[in-house]
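J.: missing the sequence, but the structure's below:
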């Protein structure tokens, strides 16, 4: 069983910053990509950023230049540095990890979410 635990959410004023962390735990983890999604009230869950095991991260247009995703593969941890936060960034943020289950299968796992609130 794979578990993802997020931390770092909170309340911040517009223009401020937060850093989210997410650590995956489980036996013999082989993690491919990791990432962050968010869901605002009344809206669908949307991609924020993803980062492969090696290669270039991918960002939603709405966060490019403000957010930075990084990972420490040795610690099975992914980070999201969020700068110049805007009220429209307010949402529940979810961590995800794409994990190799066996030689033929991959599975996506999700964290429980951490709330980010940006006041105007």
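T.: Alright, I've got the coordinates. Note that this is a predicted model, so its numbers are computed, not measured. Numbers count the residues shown, from 1 in each chain.
J.: what's the burial count for the nearest residue to residue 119 once chain neighbours are set aside?
T.: In space, and not counting its chain neighbours, residue 119 is closest to residue 13: 5.4 Å by CB to CB, 6 or more residues apart in numbering. To be clear about C-beta, it is placed using only N, CA and C from the backbone, and glycine gets the same treatment. When neighbours are counted by other CB atoms under 10 Å, residue 13 registers 10.
J.: got it, and residue 11?
T.: 12.
J.: Check the one 5 residues further on too.
T.: If you count neighbours by other CB under 10 Å, residue 16 ends up with 15.
J.: before we move on, what SS does it have?
T.: coil (DSSP: H, G, I helix; E, B strand; the rest coil).
J.: what does residue 29 give?
T.: coil.
J.: what's around it, how many residues?
T.: 14.
J.: and what of residue 78?
T.: If you count neighbours by other CB under 10 Å, residue 78 ends up with 29.
J.: And residue 88, by the same measure?
T.: Neighbours of residue 88 under the rule other CB under 10 Å: 10.
J.: which residues sit in contact with it?
T.: 40, 62, 118 (CB atoms under 8 Å, 6 or more residues apart in numbering).
J.: The residue most central in space within the chain and residue 85, how far apart?
T.: Among the residues of the chain, residue 36 comes closest to the average C-alpha position under CA atoms, centre = their mean, at 2.4 Å. To residue 85, residue 36 is 14 Å away according to CB to CB, to the nearest Å.
J.: how close does residue 113 get to residue 91?
T.: 9 Å.
J.: typo on my end, residue 14
T.: Residue 14 sits 14 Å away from residue 91, going by CB to CB.
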